[in-house]
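Engineer: Provided below are the primary sequence and the corresponding predicted coordinates.
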Amino acid sequence: MTPHEVAAGCVARHGGNPVKLLQILREVQDAAGHLGPEAIDAVATALGLPRVRVEATATFYHLLHAESHGVYEILFSDNIVDHMQGKNELLAYMCERMWLAPEKLSEDGLVYVGSTSDIGLGDQGPAALVNGWPLPQLDHNRLDLIAGLIRNRKPLREWPSMLFDVATNVRRGDALLAEPHAPGSAIARVLEISAAAMLEEMERASPRGRGGAGFKTAVKWAACRAAPATMRYVVCNADEGEPGTFKDRVLLQAHADLVFDGMTLAARVVGAARGIVYLRGEYLFLAEALEAVLQRRRDDGLLGNRILGEPGFDFDIAIELGAGAYICGEESALIESAEGKAGRPRNRPPYPVTHGYLGQPTIVNNVETFACAAKIAVRGGAWWASIGTPESTGTKLLSVSGDCARPGVYEYPFGVPVRRVLADCGAQRPHAVQVGGPSGTCLSWREFDRRIAFEDVPTAGAFMVFGRERDMFEVARNFTRFFAHESCGFCTPCRVGTSLLANHMDKLAAGKGSAHDLAQMQRLMHIMLTMSHCGLGHTAAKPVVETLEKFPETYERRLRALDYEPAFDVDGALETARQITGRDDAGAHVDEGVV
Ligand SMILES: Cc1cc2nc3c(=O)[nH]c(=O)nc-3n(C[C@H](O)[C@H](O)[C@H](O)COP(=O)(O)O)c2cc1C
Ligand code: SF4
């Protein structure tokens, strides 16, 4: 098929709707292998959009590419925990086995091996994606097997299924996960007590959003309900891009009905007729099973028109896939992305509750927040409020990974001490814990009596354990690179600041840093914190700020001098020339004093 025929087919499947541009581009890439100039032209023509508009979306997302990545694209997860488990060595091993260089297509056009940001398998790494499908628990044996399958050009559907087995690893359940949930029970309860009474239950329960910011869910729902509109939307934020977080993946894998019940009752409360699950591209493997659950719910009268026989209660849910962009977890960027655009955060106000998806009132909530709402409907607001602490009601799911014997998902009432979680997961000589991922909080061993709660240590869910032998400077360097890679580039303080900060960290790592670099970094961090457009830029410097404060010795031992040291090693850059010319005399070196 020509690119034009492929594009025309994909566009037709989506009713020629430009809002579906990202989904269309994903499908065109799947069929054509990449999004070259012809494919972009073809999509633009088929949708009747300016080419530049299509290109702006196609070039924004890491999982979309303009050049071929071959028949097999393998992307190793670049999370710090994957690194601790040997990611770099495994990637090099794979490249050696396949006779290729990293980040380059093999000469025969068969295979590409590279890296990508964390893929949400921190409890079962080192992990990678092959053509978008997860490969957990990689080791030399598995890579040998995979190399053989690729050489024999076996289609993925013929690969042994055990290679793709993603475990749920729920280690501790509480209010959400301990008991099974009867599909539809939460919706039935809302119909019994009324939408207004359900909102009152939410106010009584007082849950705060589980996606990070901790905004009161009832306040958000009430604002959307009150906003004048003919159409309202419920959006489930399943972007889960924060490195070290994977609890939303587990909720969708094993408790999808709880989440969909939560979305449906939210629709009843705010008066929405349409719902969207924005699923991160790296969770493609969940999409088919989720579609099956949605269809079963339609068949059972839990979605569609007249839900549970109630006249006028019409609501359905669609799944929209992301394509690899951490910033799309930010709610306004997510909405842009769901509308088929590059995922850049909007100016706020206005907020999504009044001007959200397609300009209409929209609630965006985290996957876990919807699960909490479903439980609140079934068991009541007072019950929920009796769990946890007065400021942080209910329970929290933690994605535990790193130096521990039992990584996985742990559910605790809010207020649980960090020390208790470390004991339960079998932490090995813990020295530090990164709570809430790179944008969260770094706790040193002196702070293990602090508690997981909005009023003490808030978290979106990640809990990464670092043993005594880990170098916290390298942890911060990995996080800093992550932010530089994920900055959407919209505003200068973040676009330039994250890159400069990453460069300074590399310079320190190379033993070329000085006190001057630290002073520069302090200035940069202040600018990023105060002048960035969105939360990514505000928090991107946090790993450096906190590790500098709590583990200063890891920086001090890297400082070569207390004064200025140039970032560019001129003499080092001449090494290749010396090798080519076979010279190593004094004249072939640059005098450091001259630089
Ligand atoms: C850079 C950035 C990334 C974010 N990523 C996520 C995410 O992956 N999942 C999520 O639920 N919220 C994420 N958020 C928070 C959302 O903007 C929003 O606050 C949240 O979805 C609201 O849901 P909640 O009230 O249920 O927490 C992110 C925020 C920022 C600034
Ligand atoms: S702070 Fe960073 S991620 Fe946010 S809008 Fe600016 S460049 Fe984009």
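Structural biologist: Now that the structure is in, tell me what you want to look at. Ligands and ions are numbered 1, 2, ... in the order given.
Engineer: the strands in the stretch 1-150 of the chain, which residues?
Structural biologist: 72-77, 111-116, 128-130, 133-135 (DSSP state E, counting those that start in this stretch).
Engineer: Other residues contacting the first one?
Structural biologist: Okay, so that is strand 72-77. 82, 87, 90-91, 94, 110-119, 121, 125-131, 135, 138, 146, 150 (C-beta atoms under 8 Å, 6 or more residues apart in numbering). C-beta here means a position set from N, CA and C on the backbone, and glycine is covered the same way.
Engineer: any idea of the mean pLDDT for it?
Structural biologist: Per-residue pLDDT over strand 72-77 has a mean of 98.
Engineer: what sits against residue 240?
Structural biologist: 120, 246, 247, 248, 249, 280, 283, 329, 367 are the contacts of residue 240 under C-beta under 8 Å, 6+ apart.
Engineer: Pretty sure residue 185 is one of the things residue 257 touches, is it not?
Structural biologist: No. Contact criterion C-beta atoms under 8 Å: residue 257 and residue 185 do not qualify, at 9.3 Å.
Engineer: More neighbours: which of these two?
Structural biologist: residue 257 (21 against 15; other C-beta atoms under 10 Å).
Engineer: what helix or strand does the more buried one sit in?
Structural biologist: helix 256-270 (DSSP states H and E).
Engineer: Quick check, pLDDT for residue 125.
Structural biologist: pLDDT, read off for residue 125, is 94.
Engineer: That one: what's it in contact with?
Structural biologist: Per C-beta under 8 Å, 6+ apart, neighbours of residue 125: 77, 79, 81, 82, 85, 87, 136, 137, 138, 401.
Engineer: what does the stretch 151-300 of the chain have sitting close to ligand 2?
Structural biologist: Within the stretch 151-300 of the chain, no position lies close to ligand 2 (C-beta under 6 Å from any ligand atom).
Engineer: any low-confidence regions in the stretch 151-300 of the chain?
Structural biologist: The model of the stretch 151-300 of the chain has no residue with pLDDT under 70.
Engineer: what's the span of stretch 170-188, first residue to last?
Structural biologist: 28 Å (C-alpha to C-alpha, to the nearest Å).
Engineer: Number the residues from 54 up from this point.
Structural biologist: Okay, using 54 as the starting number, the last item reads as stretch 223-241.
Engineer: Contacts for it, please.
Structural biologist: With C-beta under 8 Å, 6+ apart, stretch 223-241 has contacts from 303, 307-308, 310-311, 313-315, 317-318, 321, 350, 353, 355, 360-361, 421, 424-428, 430-432, 437, 440, 447-448, 450, 453, 459, 461-466, 477-478.
Engineer: Which positions within it qualify as buried?
Structural biologist: 223-225, 227-230, 234, 236-237, 239-241 (16 or more other C-beta atoms under 10 Å).
Engineer: how deep is the residue of the stretch 454-603 of the chain found nearest ligand 1 tucked in, by neighbour count?
Structural biologist: The nearest approach of the stretch 454-603 of the chain to ligand 1 comes at residue 588, 2.6 Å away (C-beta to the nearest ligand atom). Around residue 588 there are 17 other residues, counting by other C-beta under 10 Å.
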